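Peer 1: how would this look folded up:
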Amino acid sequence: MNVVVFGATGATGRLVVEFALSAGHFVTAFVREPARMRLRHSRLSLVPGDVMNPDSVTSAVIGADAVICTLGTMPEAKEDSNRRQPGVPVCSVGTKNILAAMPHTKGRLVVESSASVGDSHATGVLGAGFIVRLALKAVMADKEIQEDAIRKSTCDWTIVRPVKLTNKPARGTILSGTDLRWNITSTATRADVASYIVQSLADASTHKKAITLRN
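Peer 2: Reported below is the predicted structural model:
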């Protein structure tokens, strides 16, 4: 499968690229700063561009079998702190640009969102959804717009909503569900989430669903 990954140099995106390559896919990593992608592989191609630029997005996805979007506005790694873009609607605007380009692909889209967005707000135990939205008001608002655009699209989409992400080693298993309960202390390793995202590419049972993930 030919897969394009947006947000490929982010903490989760890098792992998505690795898992996709391990699964035998041909991967195109869409990156603002190619130097940040240090991984080299015979089935990995780098395409420089800005997801906020519709033309560069369209040129990157032409002919792709699937698109994975792991865009974010607040990198958590210390070395990425200078790349944070507070107030910039990267998730919603970038995803709308991706959706506009989807007719140039075969229509499969997997997007990383967050627990507390959409109906997962109600599955947070003891007000967890409210707390996350309060703490990350602008980020969650951007993701609400992002998800709304995805739901209105005609592509075969899957939305993945992990809880608080950690950089701990993969556990090899992860809980998933459209009505999965979670709380403010729930966590998910980025590696397990990235693995789930790649596996969902070929899983028709995840189509048109927004799925919460936690370890």
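
Peer 1: Give me the buried positions along the lengthiest helix in the chain.
Peer 2: Identified as the longest helix of the chain according to DSSP state H is helix 137-151. Neighbour counts using 16 or more other Cβ atoms under 10 Å place Val139, Met140, Asp142, Lys143, Glu144, Ile145, Gln146, Glu147, Ala149, Ile150 of helix 137-151 among the buried residues. No exception for glycine: its C-beta is placed from N, CA and C like everyone else's.

Peer 1: just for this protein, where's the confidence low?
Peer 2: Residues of the chain meeting the criterion pLDDT under 70: 73-87.

Peer 1: Now do the strands in this protein.
Peer 2: 2-6, 26-31, 44-48, 66-69, 108-112, 156-162, 164-166, 175-177, 187-189, 209-214 (DSSP state E).

Peer 1: which residues sit against the second one?
Peer 2: The one in question is strand 26-31. 1-6, 8-9, 13, 17, 20-21, 37, 41, 43-49, 51, 57, 60, 64 (Cβ atoms under 8 Å, 6 or more residues apart in numbering).

Peer 1: Over to the third one?
Peer 2: Contacts of strand 44-48 from elsewhere in the structure, counted by Cβ under 8 Å, 6+ apart, are 4, 17, 21, 26-34, 37, 59-60.

Peer 1: where exactly do the helices run in the protein?
Peer 2: Under the criterion DSSP H, the chain contains helices at 11-22, 54-61, 90-101, 128-135, 137-151, 190-200.

Peer 1: Filter the contacts of strand 44-48 down to the buried ones.
Peer 2: Buried members of those, scored by 16+ other Cβ under 10 Å, are Val4, Val17, Leu21, Phe26, Val27, Thr28, Ala29, Phe30, Val31, Met37, Ala60.

Peer 1: Specify the residue positioned farthest from the middle of this structure.
Peer 2: For the chain, the largest distance from the centre (Cα atoms, centre = their mean) belongs to Leu126, which lies 26.3 Å off.

Peer 1: Identify the residue spatially nearest to that one, adjacent ones excluded.
Peer 2: Nearest residue to Leu126 in three dimensions, chain neighbours excluded: Asn183, at 6.2 Å (Cβ to Cβ, 6 or more residues apart in numbering).

Peer 1: my guess is the one you found meets Gly129, correct?
Peer 2: No - counting by Cβ atoms under 8 Å, Asn183 sits too far from Gly129 to count as a contact (9.9 Å).

Peer 1: more neighbours, these two?
Peer 2: Gly129 (23 against 16; other Cβ atoms under 10 Å).

Peer 1: For the closest residue to Ala115 other than its chain neighbours, give me its contacts.
Peer 2: Closest residue to Ala115 apart from its sequence neighbours, by Cβ to Cβ, 6+ apart: Val163 at 4.5 Å. Val163 is in contact with Ala115, Trp182, Ser186, Thr187, Ala188, Thr212, Leu213, Arg214, counting by Cβ under 8 Å, 6+ apart.

Peer 1: Number of residues surrounding the third one?
Peer 2: A total of 20 residues lie near Ser186 under the criterion other Cβ under 10 Å.

Peer 1: Tabulate the buried ones among the contacts of strand 44-48 in a markdown table, adding columns for distance to Thr95.
Peer 2: Shown next, in a markdown table, are these (distance: Cβ to Cβ, whole Å):
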| residue | distance to Thr95 |
| --- | --- |
| Val4 | 13 |
| Val17 | 19 |
| Leu21 | 24 |
| Phe26 | 23 |
| Val27 | 19 |
| Thr28 | 17 |
| Ala29 | 17 |
| Phe30 | 13 |
| Val31 | 17 |
| Met37 | 21 |
| Ala60 | 14 |
